[in-house]
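1. pasting the structure only:
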């Protein structure tokens, strides 16, 4: 019997590192309390922000 969930573990690690890297980036850009709150959410949802910026750049 094989374990079919082992292949997906690498993607989770990459996503986790991406979250921490995005938090570092967005927290460095923040300068007020609400900017830090926004930085937390931006770091958590960084792929959505990245895809949005790519599409905005491609169309504009």
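-> Thanks, I have the structure now. Note that the structure is a prediction, hence the values are computed from the model and not measured. Numbering: from 1, shown residues only.
2. Please make it C-alpha for all contacts and neighbour counts, starting now.
-> Noted.
3. Buried residues of stretch 37-44, list them for me.
-> Buried residues in stretch 37-44, counting neighbours by 16 or more other CA atoms under 10 Å, are found at 39-40, 42-44.
4. Just give me the residue closest to the centre of the protein.
-> With distances taken as CA atoms, centre = their mean, the residue of the chain nearest its centroid is residue 46 (2.8 Å).
5. Go ahead and confirm that one touches residue 20.
-> No. The pair residue 46 / residue 20 is not scored as a contact, 10.1 Å apart, by CA atoms under 8 Å.
6. picking up where we left off before, Provide a list of residues in contact with the residue nearest to the centre of the chain.
-> For residue 46, the contacting residues are 18-19, 22, by CA atoms under 8 Å, 6 or more residues apart in numbering.
7. where in the chain is pLDDT low?
-> 1-10 (pLDDT under 70).
8. This protein: helices as residue ranges?
-> Listed in chain order, the helices of the chain (DSSP state H) span 9-29, 33-44, 46-59.
9. Residue 46 and residue 57: what is the separation?
-> Separation of residue 46 from residue 57 (CA to CA, to the nearest Å): 16 Å.
10. no, scratch that, I was asking about residue 50
-> 11 Å.
11. Tell me which of the two has more neighbours.
-> Neighbour tally, residue 50 and residue 57, criterion other CA atoms under 10 Å: the higher count belongs to residue 50, 12 against 9.
12. and that one, what does it touch?
-> Taking CA under 8 Å, 6+ apart, we find residue 50 in contact with no residue.
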